[in-house]
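>>> The sequence isn't on hand, but the structure is:
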């Protein structure tokens, strides 16, 4: 009230001068704060392998071959034993990474799809913090990279391996700058995605331990050798990037290695089994993460953006499903998530099998939304990628006379409505306990947890391609012919 008694002519010059002084001081302080923050913010490097199962990395298991670069990174940082992706196929998995949102919420559920344009994505979050954000190789799904808003990206085409050397060249040129912005660099290797290399001489005639759910035939062993060679290529790519980071970036750099989902192998990619969604995750950060440390905290790929954004000085976004796991990295927290959710819809018509899963770390529940569908992939269908059907067909031939092989193929193609596994007693999920009376309490509990999650996320199933039905055996397996997808969405009658 007293202000109204002061003549306006006296107030305005005083207020103007005060505002000018305040703005000048604030501008100076913000500039100083920005300079200080940028100087202390770590550079961020994320290296993504393509189709690599967790157990195919030396820090996790001995499969008869070595991954020395991955092992070296593990010795420098923290290994996550229970890291999961949101989906076991490329596009939805990477979209979840780059939005910190589950596929149901970002719009990228089927393979080859991308998140909605209105959703803020990885580059924008770091750009808001003053970072230069660049990508080389397969970071998003092929040629979706341009839609994410990176300051620079290159070599995001199928099996374009020049992205690795291009990333090194970029770091070399950047090192010449006198005052560069903090850097967020994402590098995607195309390995060990198919097509796999031909068998190297050193592996001809060699036999390997095979993943659970495999039939040991000579053809299977030959294709396993090719996969091992592809793993070694991914490890070599990692060596190249690690050496470039050591040479051209300061010590205050956080380095993260992971993979987008499991290998293109039966019961791996396109499946919600552990082999499909449990991935390697190793993070190093000098003076912050204890070298050679390990954690059993359950984390998801949707947590990676919030974590690195937090470390860079950002605040959480309300739209995220993920949450920062910085406390785990710095050794303050032993746990992160109580449940891990995963989801899959389809990969065009090569794989039409919508399913959802939830795990509490010990018990795992899978809901197959259309058990009347036949589960198929590129592996078993005629015309599958890179001729992998050559080894799968030997399984079909064996199944004609061998009961074990026949039961395995039946399990591959025909899934029940519900599956329940005790991951402690049965880590490779070979024994479905859903019908066992003594485990009904676990079944009902996780069924309820998953249903609540689906309700909260408005999860629905609309398929835009026609499925293959168990009742029509000519549509899958040895008799299948690849047919164009219908234009109208498929809905169950």
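That came through, no problem. Just so you know, these numbers come straight off a predicted model, no measurement behind them.
>>> so where does the residue lying closest to residue 88 once chain neighbours are set aside fall, helix or strand?
Sequence neighbours aside, residue 276 is the residue nearest to residue 88 in space, at 3.7 Å (criterion: CB to CB, 6 or more residues apart in numbering). For glycine as for every other residue, the C-beta is placed from the backbone atoms N, C-alpha and C. Secondary structure assignment for residue 276, by DSSP states H and E: helix 274-277.
>>> re the thing from before, surely the residue nearest to residue 88 is in contact with residue 265?
No - look at residue 276 against residue 265 with CB atoms under 8 Å: they stay out of range, at 9.3 Å.
>>> ranges for the strands of this structure?
43-49, 78-84, 132-137, 152-154, 183-188, 253-259, 281-284, 293-300, 340-347, 351-359, 363-368, 418-422 (DSSP state E).
>>> so which of the ones you listed comes closest to residue 236?
Nearest to residue 236 among these is strand 43-49; the distance by CB to CB comes to 11.4 Å.
>>> mind listing what that closest one pairs with, with the direction of each?
According to DSSP bridges, strand 43-49 has the following sheet partners: strand 183-188 (parallel), strand 253-259 (parallel).
>>> what does it rub up against?
Contact partners of strand 43-49, identified using CB atoms under 8 Å, 6 or more residues apart in numbering, comprise 94, 126, 131, 138-139, 182-189, 191-192, 234, 237-238, 241, 245, 249-250, 252-260, 280, 304, 308, 311-312.
>>> by how many degrees do it and strand 132-137 diverge?
20 degrees (axes from the mean of the first three to the mean of the last three CA atoms, to 10 degrees).
>>> what mean pLDDT does strand 43-49 have?
In this model, strand 43-49 has a mean pLDDT of 98.
>>> what distance separates it from the centre of its chain?
Chain-centre distance of strand 43-49: 12 Å, with CA atoms, centre = their mean, to the nearest Å.
>>> before we move on, what about stretch 342-350?
That offset, for stretch 342-350, works out to 15 Å (CA atoms, centre = their mean).
>>> avg pLDDT for that stretch?
Stretch 342-350 comes out at a mean pLDDT of 95.
>>> Tell me the buried residues in that stretch?
Residues of stretch 342-350 classed as buried by neighbour count (16 or more other CB atoms under 10 Å): 342-347, 349-350.
>>> Likewise for stretch 391-408?
391-396, 398-399, 405, 408.
>>> Out of the residues you listed, flag the one nearest to residue 365.
Nearest to residue 365 among these, with distances taken as CB to CB, is residue 408, at 22.2 Å.
>>> Quick one: residues contacting that closest one.
The contact partners of residue 408, by CB under 8 Å, 6+ apart, come to 213, 215, 395, 399.
>>> measure it to residue 278 for me?
21 Å (CB to CB, to the nearest Å).
>>> rewinding a little: dump the strands of the chain into TSV; add distance to residue 70 as well.
TSV is the format used below for the strands of the chain (distance: least, CB to CB, whole Å):
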stretch	distance to residue 70
strand 43-49	9
strand 78-84	9
strand 132-137	17
strand 152-154	25
strand 183-188	14
strand 253-259	7
strand 281-284	7
strand 293-300	14
strand 340-347	22
strand 351-359	24
strand 363-368	25
strand 418-422	27
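>>> just to revisit the earlier point, and the contacts of residue 408, which is closest to residue 444?
residue 213 (27.0 Å).
>>> Tell me how many other residues crowd the closest one.
18 (other CB atoms under 10 Å).
>>> Okay, it and residue 89: tell me how far apart.
Distance, residue 213 to residue 89, using CB to CB: 18 Å.
>>> just residue 142 next, same as before
Relative to residue 89, residue 142 is positioned 13 Å away (CB to CB).
>>> what's the spatially most central residue of the chain in contact with, if anything?
Nearest to the mean C-alpha position of the chain, by CA atoms, centre = their mean, lies residue 260 at 3.3 Å. Residues in contact with residue 260 (CB under 8 Å, 6+ apart) are 48-51, 85, 90, 93-94, 97, 279.
>>> again, only this time at 10 Å
By CB atoms under 10 Å, 6 or more residues apart in numbering, residue 260 lies in contact with 48-52, 85, 87-94, 96-97, 138-139, 141, 188, 193, 269, 279, 301.
>>> do the same with residue 424
361-363.
>>> pLDDT at it, what is it?
For residue 424, the model assigns a pLDDT of 98.
>>> Please spell out the segments of the stretch 301-450 of the chain that come in under the pLDDT threshold.
383-386 (pLDDT under 70).
>>> Now distance to residue 295 too, for the buried residues of stretch 342-350, in CSV please.
Formatted as CSV, the buried residues of stretch 342-350 follow (distance: CB to CB, whole Å):
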residue, distance to residue 295
342, 20
343, 24
344, 26
345, 31
346, 33
347, 32
349, 40
350, 36
